[in-house]
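Undergrad: sequence and predicted structure, then a few things I'm wondering about:
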Number of protein chains: 2
Amino acid sequence: MPGIERPGPLYKQVAAAIRDAITSGEFPPGSPLPSETQLIKRYQVSRPTVRNAIAALRAEGLIDVVHGKASYVRRRPAPALTIERTVTRKAGTYTTGQTDWQENEAPSVSRATSTETTGPALGLDEGEDLFAIDRLHTDPATGTRILHRTLLPLAVAADHNELAENPAAAPEQIYALLATAGHKLTWTETVRARMPLPDERATLELPDATPIIETTRITHGNDDQPLLLEELRAAADRAQLAYRITADSPRTLRAVRS
Amino acid sequence: MPGIERPGPLYKQVAAAIRDAITSGEFPPGSPLPSETQLIKRYQVSRPTVRNAIAALRAEGLIDVVHGKASYVRRRPAPALTIERTVTRKAGTYTTGQTDWQENEAPSVSRATSTETTGPALGLDEGEDLFAIDRLHTDPATGTRILHRTLLPLAVAADHNELAENPAAAPEQIYALLATAGHKLTWTETVRARMPLPDERATLELPDATPIIETTRITHGNDDQPLLLEELRAAADRAQLAYRITADSPRTLRAVRS
DNA sequence: AGTCGCAACTCGTAAGGACGAGTGACGACA
DNA sequence: TGTCGTCACTCGTCCTTACGAGTTGCGACT
C-alpha cells in the first residue's frame, strides 16, 4: 500500500521504502521481512525488481537472507570483542592484550620473500628472505576468529639463536628475546579496513557486506630499526581494536603500507 | 572459450572465471573487462547470468562499472592518507597528527543527549545533555574527506568558561584548556569498520564495496574521568590510522562501544 | 574546416516465465 | 507412538525480451 514516488529507478524506491519501514520500527531487528511474493503485491512491482531492492539492502548490510525461510533485519550489535593493542612489560616478560586466545592449530611456518608492501615496512629491499608464521586464533568468550601473521626477517632471526631454532615462538617471547639482546623496543601500528577476499570470507565466517579490520604492527629496536612485522585480521562486525595514547614530545611516526 | 566446470551456480562459475582472469593478469588493474555481450559469447550464458557474476565481483570491490563504457579492474593502492592518531605536547599546547586539514565549512554545533552508546563511554547516564560539534575535513594532499564529531558533555563545558562560550573550539584547544585546569590527560581510542549508511556513501564519495573506518577517542582527565569524546570517519580505501605503542606497566583499558 | 546530430556501442532497468533447492508442518502409515 | 513422505511455502538460479540512458565516433551538413 505505501505509495512510491516518482524519482529514480523503481528498485531503489522499493529499497528506500523497505529501509524506511525498517528504521521506522515496522520491521524491528531480528524480525523477518515480508516474503518476496508479499512485497510484489505491496509495491506492485515484478519479482526481479523486488529482488534487486533486496540485493541493495543486503549490500548495505541491513538484512540477512536465509534460503527457504525469509529475509531478516540484521541486528547491529557493537563488536563483541575488543582487542587491546597494548604491550605490557613486567619483570622482563611481555604481555599483549590477547591473553586467552585459543590456537586452533599449530602455527604454520613458511618461508617468504619481502614484497613491495612488506619490504619497506621492515626496511628491506625486495626479495629478501623472511619467516612467515601464520596462526588462526579463536576468542573463547565470543567465538571470534582472528588471523595472525608474523613476518620475521631471516637476518633478524640469525642474530638470535633461540629465534633461528624456533621462529614460531609467540610474539611476546620474541619481544623478550630482542629485549634481552639489548634492544629497547617500541611499536608502530597502522589500521586499515577492506572487503574480504573469498578465502577470508570462508575462514573468518563472514556474513554479507562485512568488512575486515586489519592491523600491521612493527616492532622497532634500537635506532628505530624495524625487526618484526605482525598482521592481524578479524571480522569488523565482531571485533574492534583499542589503543591507549599518551601525550608525547614531538617525533615522527613511520607510515606502513600493505 | 575457457571451460566452465560443473559445480555450483553458473554465475558463480562465471564470476570465478573472471576473477581468475584478473588475478592471472589477463585483465590487469585499470583495464576494461570485455563487454557484457562479449562475456555472453565467451561463457555461453545469458545476460542476467553475466550481470549477476559482475554484481558479485562488484560486491567484492574487485571491479568498478561505468555506465555507457565498461567494467574496469579496480586498482587497489594502499590507502594514500595515513592519519596519525598521536598527541604531542609542547610548552602547554597540544598537537595531533592532523595539522593541515582544511575545514570545508564552519563547525556545526548542535545539542544532543547521551545515548546507549555514547553515554557509558563518557560515564554518563542516558539522556544527559551534550554539545555535538560536527566538522567535515579534507586532506589537501589527497583530497580525502574526513568526518569529525566531538561530543562535549554540558557538565564538562560548564566547568570551563572558555568552553561554555565556545564549544566549537578545536579539540587540541580543548585539551589545552582541560590541562591548564589541572587535568592530567590520557586518551583511549577504539577502531571499528563497517559498511557506510547511504548518506555517508554520498558525503564521503565512496565507491562500491568500500567500508568506513571509524575511531572513537576518549579524553580522560584525573582519576581516568572521561571528559570528551571524538569520532572520526573516513573511507577505508583512502585512509588508514597509525598509532604508536610503548611498553607500559599493567593497567586496564576501558572498552568503548558505538 | 568546423559543428552538430545520429548511430552504434556500452551498461541500467524492468517484466515475464520456468524450474531448482531449502524449510517446516501436517498427515498417513507402520 | 513414532517415523517418514508429501506438500506448500520460502528464496535461488536462469532464461528471453524490451526499452532507457550514458558515451563515443563517424559522417553529413553548414
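TA: The structure has been received and is ready for your questions. Numbers count the residues shown, from 1 in each chain, chains lettered A, B, ... in the order given.
Undergrad: would you mind listing the buried residues in stretch A:222-242?
TA: Neighbour-count burial for stretch A:222-242, counted by 16 or more other Cβ atoms under 10 Å in any protein chain shown, picks out A:226-242. Any C-beta I mention is one placed from the backbone N, CA and C, and that applies to glycine too.
Undergrad: wait, stretch A:63-71
TA: Residues A:63, A:64, A:65, A:71 are the ones in stretch A:63-71 that count as buried (16+ other Cβ under 10 Å).
Undergrad: in strands, which of those residues appear?
TA: Among the buried residues of stretch A:63-71, DSSP state E puts A:63, A:64, A:65, A:71 in strands.
Undergrad: quick one: those as JSON lines, columns for distance to residue B:32 too.
TA: Putting those into JSON lines (distance: Cβ to Cβ, whole Å) gives the following:
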{"residue": "A:63", "distance to residue B:32": "33"}
{"residue": "A:64", "distance to residue B:32": "34"}
{"residue": "A:65", "distance to residue B:32": "32"}
{"residue": "A:71", "distance to residue B:32": "34"}
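Undergrad: DNA strand D next: which of those residues are close?
TA: A:65, A:71 (Cβ under 7 Å from any atom of the strand).
Undergrad: tabulate the ones in strands among the buried residues of stretch A:63-71 (a markdown table), appending distance to DNA strand C and pLDDT.
TA: Shown next, in a markdown table, are those (distance: Cβ to the nearest atom of the strand, whole Å; pLDDT from 0 to 100):
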| residue | distance to DNA strand C | pLDDT |
| --- | --- | --- |
| A:63 | 17 | 95 |
| A:64 | 13 | 95 |
| A:65 | 12 | 94 |
| A:71 | 13 | 94 |
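Undergrad: out of the ones in strands among the buried residues of stretch A:63-71, who's nearest residue B:103?
TA: Closest approach to residue B:103 among these (Cβ to Cβ): residue A:63, at 36.7 Å.
Undergrad: ok, that closest one to residue A:178 distance?
TA: With distances taken as Cβ to Cβ, to the nearest Å, residue A:63 is found 48 Å from residue A:178.
Undergrad: run the chain-centre distance for the helix or strand that contains residue A:187.
TA: Per DSSP states H and E, residue A:187 falls inside strand A:186-194. Chain-centre distance of strand A:186-194: 11 Å, with Cα atoms, centre = their mean, to the nearest Å.
Undergrad: what do you get for stretch A:188-195?
TA: When C-alpha coordinates are averaged (Cα atoms, centre = their mean), stretch A:188-195 and its chain have centres 8 Å apart.
Undergrad: quick one: average pLDDT of that stretch?
TA: Stretch A:188-195 comes out with an average pLDDT of 96.
Undergrad: can you give the contact residues for it?
TA: Residues outside stretch A:188-195 that contact it (Cβ atoms under 8 Å, 6 or more residues apart in numbering or on different chains): A:85, A:211-218, A:220, A:236, A:241, A:243, A:253-256, A:258, B:59-61, B:79, B:82, B:191, B:193, B:209-213, B:236-237, B:240-245.
Undergrad: likewise for stretch A:219-231?
TA: With Cβ under 8 Å, 6+ apart as the test, stretch A:219-231 has contacts from A:118, A:121-123, A:147-153, A:156, A:171, A:174-175, A:178, A:182-188, A:214-218, A:254, A:258.
Undergrad: contacts only, for residue A:207.
TA: With contacts taken as Cβ under 8 Å, 6+ apart, residue A:207 has the following neighbours: A:61, A:64, A:74, A:237.
Undergrad: kindly recompute the last result at 7 Å.
TA: If you count contacts by Cβ atoms under 7 Å, 6 or more residues apart in numbering or on different chains, residue A:207 has them with A:64, A:237.
Undergrad: what parts of the stretch 101-250 of chain A come near chain B?
TA: In this structure, the stretch 101-250 of chain A approaches chain B at residues A:117, A:185-195, A:209, A:211, A:213, A:236, A:240-250, judged by Cβ under 7 Å from any Cβ of the partner chain.
Undergrad: one more pass at 6 Å, please.
TA: Neighbours of chain B within the stretch 101-250 of chain A, by Cβ under 6 Å from any Cβ of the partner chain: A:186-193, A:195, A:209, A:211, A:213, A:236, A:240-248, A:250.
Undergrad: can you say which of these are buried?
TA: Among these, those scoring as buried are A:186-193, A:195, A:209, A:211, A:213, A:236, A:240-245, A:247 (criterion: 16+ other Cβ under 10 Å).
Undergrad: just the contacts of stretch A:219-231: which are in helices?
TA: In this view, the contacts of stretch A:219-231 that belong to helices under DSSP state H are A:118, A:121, A:156, A:171, A:174, A:175, A:178.
Undergrad: now do the contacts for the fourth one.
TA: To tie it back to what came earlier, the one meant is residue A:171. Neighbour list for residue A:171: residue A:230 [criterion: Cβ atoms under 6 Å, 6 or more residues apart in numbering or on different chains].
Undergrad: need phi/psi at the residue in the stretch 101-250 of chain A that DNA strand D sits nearest to.
TA: For the stretch 101-250 of chain A, the residue closest to DNA strand D is residue A:208, as judged by Cβ to the nearest atom of the strand, at 9.7 Å. Dihedral pair for residue A:208: phi -60, psi 150, per degrees, to the nearest 10.
Undergrad: from DNA strand C, how far out is it?
TA: Applying Cβ to the nearest atom of the strand, to the nearest Å, the value for residue A:208 to DNA strand C is 16 Å.
Undergrad: next one: residue A:8
TA: Going from residue A:8 to DNA strand C by Cβ to the nearest atom of the strand gives 8 Å.
Undergrad: phi, psi for that residue please.
TA: Backbone torsions of residue A:8, given as degrees, to the nearest 10, read phi 80, psi 170.
Undergrad: with residue A:54 instead?
TA: Torsion angles, degrees, to the nearest 10, at residue A:54: phi -60, psi -40.
Undergrad: residue A:52 looks like it's in a strand, true?
TA: No - with DSSP: H, G, I helix; E, B strand; the rest coil as the criterion, residue A:52 is helix rather than part of a strand.
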